[in-house]
Every structure is written in structure tokens, then in C-alpha cells.
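Participant: Take a look and give me a structure for this.
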Amino acid sequence: MDRIYRHADLTVDQRHALLTAARTLAAEFAGTFGTETIERFLHSSYEEFAGRATVINYLPLLAERFARQQLRALARIEGKDPTGTPIVLFLCVHNAGRSQMALGFFTRLAGERALGWSGGSEPGEQINAAAIEVMRERGIDIAGEFPKPWTAEIVQAADVVVTMGCGDACPIYPGKRYLDWDLDDPDGKTVEQIRPIRDEIERRVRALLAELGVAVD
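Facilitator: The predicted structure follows:
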């Protein structure tokens with residue numbers, strides 16, 4: 001783990017942030033995973049974003065958040081998560097538009113009654129600015145999200161995998177429930193052009209939650 005904390009590109013504050021992240025995750029998953037597992041996921045998460053992060057100051061935060069998601073997924077796979085909370089994974093190509101809007105609606109509507117994740121086959125560098133704007137019109141802020149890949153643990157832990165345009169790149173696991181949502185890609189479109197896509201995504205998310213028996217806020 002020293003190789004993360006001593007990375008030449010990191011400031012003293014960023015190294016401290018990674019150490020703090022490791023301690024936070026260790027406390028959060030105490031009794032579920034050991035230090036070695038937690039540090040392995042934090043390291044791999046850091047490396048995932050280090051090569052393409054546009055703002056290096058956010059690297060420790062991105063690494064912590066992605067590591068937490070993967071650890072939660074692993075806990076579900078290994079039967080160490082007794083909550084039984086439904087998990088839905090939204091996948092598209094860049095994880096910068098459709099899947100992020102779907103996750104935004106899902107999280108707002110489901111609250112803590114269901115868990116939503118998202119990912120992309122070719123994660124972009126940042127969330128689509130126009131998608132952020134149209135979601136803000138609905139009172140949902142997705143600006144704090146970040147494009148990220150999926151991992152085997154994340155896909156296997158999901159109860160439902162919703163694909164949106166990732167085609168053959170989308171991971172397929174036997175016995176997993178898949179839904180394919182045929183939606184226009186908002187990339188390169190204006191706010192006016194994205195609004196109908198947003199509204200259709202909301203309609204489908206609400207229908208999915210109703211099908212799962214999850215009450216909405």
C-alpha cells in the first residue's frame with residue numbers, strides 16, 4: 001500500500017487522504033473484510049482513475065468511493081450482506097450520460113430501499129454537462145458523480161443489470177436478469193434534445209422500481 005501513499009504525483013494532503021480512506025473503509029467493513037482485501041481494492045481503484053483523472057485532487061475520493069462500491073458488491077457475493085436490499089446496475093458506454101441520469105433518478109426515488117450503481121464499457125473523463133443541467137431541472141444533482149468501469153464483482157452482485165447501448169461490450173453472466181433500454185445517446189446533444197431522453201429514463205426507472213416492489217419517495 002506504500003506505493004499509493006508515496007506516489008510521486010500526490011501531495012502530502014492527498015497521501016493523507018488515502019490513508020484516511022483506508023482507515024475509514026477498514027472501520028466500515030470491520031468483521032467483513034481484512035486490511036489486505038480493503039487495501040487491494042483501494043489500490044486498484046486508485047490506479048483505475050490515476051491514468052485518466054482530469055483533476056488529481058479528487059483521486060483519493062474517487063478511489064475511496066469506487067473501492068467502497070466493490071467491497072459492498074463482494075460482501076453481497078460472499079453472503080456477508082444480510083440486508084437483502086435490491087441492487088440495480090445501470091450500464092452504458094461512457095457512464096457519462098444515460099446511466100448516470102438513470103442512477104440519479106433511481107437513487108432519488110428509491111432512497112435507502114434499493115441500491116443503484118452505474119458503469120461504462122469505455123468510461124469518459126467527466127459527466128456530460130448537458131445531462132447535469134437537465135437533471136438539475138428535476139432537482140437532482142449528478143455533478144458529483146464520476147465515469148467509472150464495471151467490475152466482475154459489481155455485475156455479479158446486482159439483482160438487475162440495465163444496459164443502454166453498450167452492445168457486445170456489456171458483461172453477460174448466466175442467471176443474471178438483464179434489461180436492455182433502447183435510448184438515444186445524449187453525447188453531443190443539446191439540453192433541449194436531452195430532455196425527452198431524461199423523461200423516458202425517469203419513466204422506465206419508476207416502472208422498474210414498481211416491478212421490484214420498491215416504494216418511491
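Participant: what about the strands in this structure?
Facilitator: Along the chain, counting by DSSP state E, strands occupy 87-92, 115-120, 160-163, 177-180.
Participant: among those, which is nearest Leu61?
Facilitator: When the strands of the chain are compared by CB to CB, strand 115-120 sits nearest Leu61, at 17.0 Å. Backbone N, C-alpha and C define where each C-beta goes, glycine included.
Participant: Convert that closest one to PDB, retaining C-alpha atoms only.
Facilitator: Extracted C-alpha coordinates of strand 115-120, given in PDB (Å, rounded to 0.1, in the frame of the first residue of the first chain):
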ATOM      1  CA  LEU A 115     -29.200   0.400  -4.100                       C
ATOM      2  CA  GLY A 116     -28.200   1.700  -7.500                       C
ATOM      3  CA  TRP A 117     -24.800   1.500  -9.300                       C
ATOM      4  CA  SER A 118     -23.600   2.500 -12.700                       C
ATOM      5  CA  GLY A 119     -20.700   1.900 -15.000                       C
ATOM      6  CA  GLY A 120     -19.400   2.100 -18.600                       C
END
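Participant: mean confidence for it?
Facilitator: In this model, strand 115-120 carries a mean pLDDT of 96.
Participant: Packing partners of that strand?
Facilitator: Other elements packing on strand 115-120 under the criterion 3 or more CB pairs under 8 Å, 6 or more residues apart in numbering; DSSP states H and E are helix 59-77, strand 87-92, helix 98-110.
Participant: The shortest one pairs with which strands?
Facilitator: In the sheet, strand 87-92 lines up against strand 115-120 (parallel), strand 160-163 (parallel) (DSSP bridges).
Participant: Of these, flag the one that's most buried.
Facilitator: strand 115-120 (a mean of 25; mean count of other CB atoms under 10 Å).
Participant: who touches that strand?
Facilitator: 69, 72-73, 85-96, 99-100, 102-103, 106-107, 110, 145, 147-150, 154, 158, 166 (CB atoms under 8 Å, 6 or more residues apart in numbering).
Participant: got the angle for it vs helix 98-110?
Facilitator: If you take axes from the mean of the first three to the mean of the last three CA atoms, to 10 degrees, strand 115-120 sits at 170 degrees to helix 98-110.
Participant: Now do the helices in this structure.
Facilitator: 2-5, 12-28, 35-50, 59-77, 98-110, 129-136, 152-157, 191-212 (DSSP state H).
Participant: Many thanks, we can stop here.
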